[in-house]
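> Got a predicted structure here, sequence first:
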Amino acid sequence: MTYDLVIIGGGAGGLTCALYSTRYGLKTLVVSKEFGGLTATADEIMNWPGTYSISGFQLMQDMQEQVKKNGAEFKFGNVTKVVKEDNKFIVETDSEKFEGKKVVYATGTEHRHLGIPGEKEFRGKGISYCATCDGPFFKDKVIAVVGGGNSALTAALLLARHGKKVYIIYRQSEFFRAEKHWVEEVEKAENIECLHDEEVLEVKGDKFMNQLVLKSGKEVDADGLFIEIGLNPIIDVVKDIAELENGYIKVDKRQETSLKGLYAVGDVTTNSNEFKQIVTACGEGAVASNSIYEDLSRSS
């Protein structure tokens with residue numbers, strides 16, 4: 001069977017793409033080793049339009065159910081290879097092969113981890129990787145941010161609006177990788193303290209985290225830890241067939257990659273001004289679906 005569209009990845013971007021493609025009447029298959037992506041791991045989401053509060057798992061479950069009702073097919077599997085043959089694509093998993101006229105790559109990214117004791121245990125129990133998503137939960141709390149780039153400094157500034165105290169913990173003596181503007185804003189903030197030449201070696205706590213052990217031996221009491229040391233795009237399957245830019249898949253305004261017929265959406269791409277949010281991933285998914293519908297309509 002040849003599908004009009006095979007979507008690799010079951011997160012917000014991929015599911016939105018599937019929603020629109022099925023509404024366009026395209027025979028759509030979604031292949032993913034796990035559905036929901038990073039969004040499904042969020043305990044609570046408060047920046048999804050129209051909903052004051054919803055768990056990431058519930059949001060992704062609702063999206064998947066909506067897409068299923070529209071007629072999309074789902075297959076669990078780890079995609080290992082994508083090959084273009086003539087005017088179609090072959091998508092291979094560990095155990096199956098699927099054929100599609102077009103492919104959308106929507107695998108997203110993985111957070112870089114510190115790899116220290118306590119990080120795994122307190123993930124979601126004080127440790128977060130998204131200040132935009134989880135900052136409001138730390139109102140009047142003591143918060144620490146690890147990192148020294150723009151993402152870390154902007155996260156600290158956002159968290160400073162919620163918390164009573166914010167520590168920025170950075171292993172260098174200065175913020176060499178951050179823009180001057182953000183450094184100056186951090187320096188002006190009265191409730192932000194920078195701990196340079198430091199690293200977090202361990203996270204301690206009981207039910208929730210409550211303390212950080214630093215390289216110097218200092219122990220910092222904190223209610224939350226935001227790890228802002230970057231993201232790793234999941235690109236192994238397409239890195240040799242699509243052009244990359246700064247490690248992300250380069251796409252045009254129609255979400256098409258350098259390989260005609262292969263599209264990419266969500267956190268794995270260079271689009272949306274590199275603003276990695278659920279809503280932007282969804283927007284890219286909708287754009288890709290529209291582009292594919294136009295392309296298939298012209299070729300039919």
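Alright, I've got the coordinates. Numbering: from 1, shown residues only.

> Can you show me the helices along the stretch 51-200 of the chain?
Listed in chain order, the helices found in the stretch 51-200 of the chain under DSSP state H, counting those that start in this stretch are 56-69, 131-134, 150-160, 180-188.

> what comes into contact with the first one?
Yep, that's helix 56-69 we're talking about. 10-12, 15-16, 18-19, 22, 30, 35-37, 39-45, 48, 51, 74, 278 (C-beta atoms under 8 Å, 6 or more residues apart in numbering). C-betas here are computed from N, CA, C, even on glycine.

> and if you look at the second one?
Contact with helix 131-134 is made by 42-47, 128, 145, 154-156, 158-159, 224, 226, 228, 277, as judged by C-beta under 8 Å, 6+ apart.

> domain assignment for the protein?
Partitioning the chain according to automatic domain parsing yields domains covering residues 2-110+231-299, 113-227.

> can you redo those as TSV with mean neighbour count and mean pLDDT?
Formatted as TSV, the domains of the chain follow (neighbours: other C-beta atoms under 10 Å; pLDDT from 0 to 100):
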stretch	mean neighbour count	mean pLDDT
domain 2-110+231-299	19	95
domain 113-227	18	96
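
> For residue 93, which non-adjacent residue is closest in space?
residue 77 (3.3 Å; C-beta to C-beta, 6 or more residues apart in numbering).

> Relative to residue 9, how far out is the one you found?
Per C-beta to C-beta, to the nearest Å, residue 77 is found 12 Å from residue 9.

> what is in contact with those two at once?
residue 32.

> Looking at the contacts of helix 56-69, which are in helices?
Under the assignment DSSP state H, the contacts of helix 56-69 contribute 12, 15-16, 18-19, 22, 278 to helices.

> what sits against the residue nearest to residue 93?
Shown here is residue 77, whose contacts under the criterion C-beta under 8 Å, 6+ apart are 31-33, 93-96.

> how much space between it and residue 279?
In terms of C-beta to C-beta, residue 77 sits 28 Å off from residue 279.

> Repeat that for residue 37.
Spatial separation of residue 37 from residue 279 under the definition C-beta to C-beta is 14 Å.

> does the closest residue to residue 241 other than its chain neighbours count as helix, strand or coil?
Distances taken as C-beta to C-beta, 6+ apart put residue 259 closest to residue 241, at 5.4 Å, once the chain neighbours are dropped. Remark: residue 259 carries the secondary structure label coil [criterion: DSSP: H, G, I helix; E, B strand; the rest coil].

> Residue 259 against residue 244, yeah?
No: using C-beta atoms under 8 Å, residue 259 is not in contact with residue 244, being 11.8 Å away.

> Between these two, which contacts overlap?
Common contacts of residue 259 and residue 244 (C-beta under 8 Å, 6+ apart): none found.

> tell me the contacts of residue 160?
For residue 160, the contacting residues are 166, 189, 191-192, taking C-beta under 8 Å, 6+ apart as the criterion.

> How about residue 224?
With contacts defined as C-beta under 8 Å, 6+ apart, residue 224 is in contact with 126-128, 134, 137-138, 141-144, 163, 209.

> so which of the residues you listed comes closest to residue 70?
The shortest gap between residue 70 and any of these belongs to residue 134, at 31.2 Å (C-beta to C-beta).

> For residue 216, see how far away the closest one is.
The spacing between residue 134 and residue 216, counted by C-beta to C-beta, is 27 Å.

> Likewise for residue 263?
Relative to residue 216, residue 263 is positioned 48 Å away (criterion: C-beta to C-beta).

> quick one, what contacts the residue nearest to residue 241?
When contacts are counted by C-beta under 8 Å, 6+ apart, residue 259 touches 84, 241-242.

> Excluding chain neighbours, give the residue nearest to residue 249 in space.
Nearest residue to residue 249, sequence neighbours excluded (C-beta to C-beta, 6+ apart): residue 264, at 4.3 Å.

> Looking at strand pairing, list the partners for the one you found.
On the basis of DSSP bridges, residue 264 takes part in beta bridges with residue 105.

> Hmm, residue 257 and it touching each other?
Yes: with contact taken as C-beta under 8 Å, residue 264 and residue 257 are classed as touching, separated by 5.5 Å.

> Between the two, which contacts overlap?
What both residue 264 and residue 257 touch, as defined by C-beta under 8 Å, 6+ apart, is the set 105, 238, 242, 249, 251.

> Thanks a lot, catch you later.
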